[in-house]
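Visitor: fold the stuff below for me.
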Amino acid sequence: MAIDNKDDSETTVAEDVEKDPELKHRLLQAKKDIIEDNSYTSEEMRELIRSGQV
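Guide: Reported below is the predicted structural model:
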């Protein structure tokens with residue numbers, strides 16, 4: 001049986017971003033971080049969390 005996830009309540013990412021300024025800010029910040037290579041691997045992030053730096 002196929003699952004139909006499409007219904008009238010679904011929105012596009014563009015619609016969600018326009019409705020939610022915080023989401024837009026977070027996505028733009030993530031894009032900037034990727035461009036500037038300010039990202040961490042999963043292991044690096046786990047270590048930061050374990051050491052209390054995050």
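Visitor: any low-confidence regions in this structure?
Guide: 1-8 (pLDDT under 70).
Visitor: now the helices for it?
Guide: Ranges of helices in the chain, per DSSP state H, are 13-19, 21-35, 42-50.
Visitor: can I get these in TSV with mean neighbour count?
Guide: Just so you know, the C-beta spots here come from the backbone N, C-alpha and C atoms, and that holds for glycine as well. Converted to TSV, the helices of the chain look like this (neighbours: other Cβ atoms under 10 Å):
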stretch	mean neighbour count
helix 13-19	11
helix 21-35	11
helix 42-50	10
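Visitor: pick out the residue nearest the middle of the chain.
Guide: By Cα atoms, centre = their mean, the chain has its centre lying nearest to Leu27, at 6.0 Å.
Visitor: I'd guessed that one sits against Asp20; true?
Guide: No. Assessed by Cβ atoms under 8 Å, Leu27 is found out of contact with Asp20, at 9.8 Å.
Visitor: look up how far Lys32 lies from the residue nearest to the residue nearest to the centre of the chain when sequence neighbours are not counted.
Guide: For Leu27, the nearest residue in space outside its immediate sequence neighbours is Val17; the separation is 6.4 Å by Cβ to Cβ, 6 or more residues apart in numbering. Val17 sits 15 Å away from Lys32, going by Cβ to Cβ, to the nearest Å.
Visitor: likewise His25?
Guide: 10 Å.
Visitor: do Asp16 as well
Guide: 19 Å.
Visitor: list the residues that contact Glu43.
Guide: By Cβ atoms under 8 Å, 6 or more residues apart in numbering, no residues touch Glu43.
Visitor: and stretch 34-44, how far out from the chain middle?
Guide: With Cα atoms, centre = their mean, to the nearest Å as the basis, stretch 34-44 stands 13 Å off its chain's centre.
Visitor: next, the distance between the ends of that stretch.
Guide: By Cα to Cα, to the nearest Å, the extent of stretch 34-44 from end to end equals 15 Å.
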